[in-house]
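3D model of this:
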Amino acid sequence: MIARLKRLFGEDRWIPGLFIGFFVFLACVEVVLITLSVNSFSGLSEADPYRRGLAYNDTIAERRKERDLGWRVSIGFEPEGALRGIVKIAARDAEGSELKGAEITATAERPMEGKPPQLIKLSALEDGAAEGTLAVDTPGRWFVRVKIEDAGTSIERRREIFIEPQ
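This is a model prediction of the structure:
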């Protein structure tokens, strides 16, 4: 037995085995990391990106209409405790004054989760902005979609937020 080990290590036959073992170990680590990344997030933020891409000219026309309106929309998120936060939305017209008569609706959704969007109940503030509380059941990446309608005109905005686990 000892003579056999002396011959194995004396003739350097263990070196190719070491290389093979290293690459097998590396492949196993990569399989684990790829599995974890694919199961945690697919990388898509739209349920059907192909169809949205086909309607890209409509998206461009909508953005042009929004730019011509001159509306500026800001969406903020302030964490407030475990899996909760305040969503603040402010909309201004081309002159910089608040859109006080506008109807603002907001939803939150996780990409590719399959659940319906969660409605955010908004309350109007004195300066024409709106805010609402967002409480979710899972931490991670969320999208807040805001729709603002005023005098027959509407625009939509989307903001990605990350809710920390606590």
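
Map the structural domains onto the sequence of this protein.
With domains defined by automatic domain parsing, the chain comprises 2-40, 49-163.

Let's have the ones you listed in a markdown table, adding mean neighbour count and mean pLDDT.
C-beta coordinates here come from the backbone N, C-alpha and C atoms, glycine included. Output for the domains of the chain, formatted as a markdown table (neighbours: other C-beta atoms under 10 Å; pLDDT from 0 to 100):
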| stretch | mean neighbour count | mean pLDDT |
| --- | --- | --- |
| domain 2-40 | 10 | 86 |
| domain 49-163 | 14 | 85 |
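
I'd like the secondary structure assignment at the spatially most central residue of the chain, please.
Nearest residue to the geometric centre of the chain (C-alpha atoms, centre = their mean): R141, 4.3 Å. Look at R141: counting by DSSP: H, G, I helix; E, B strand; the rest coil, its state is strand.

hey, what's it bridged with?
On the basis of DSSP bridges, R141 is bridged to F162.

My reading is that K6 lies in a helix. Confirm?
Yes - under three-state DSSP, K6 sits within a helix.

So which elements touch the biggest helix by length in the chain?
Ranked by residue count and defined by DSSP state H, the top helix of the chain is helix 14-40. For helix 14-40, not one helix or strand is in contact under the criterion 3 or more C-beta pairs under 8 Å, 6 or more residues apart in numbering; DSSP states H and E.
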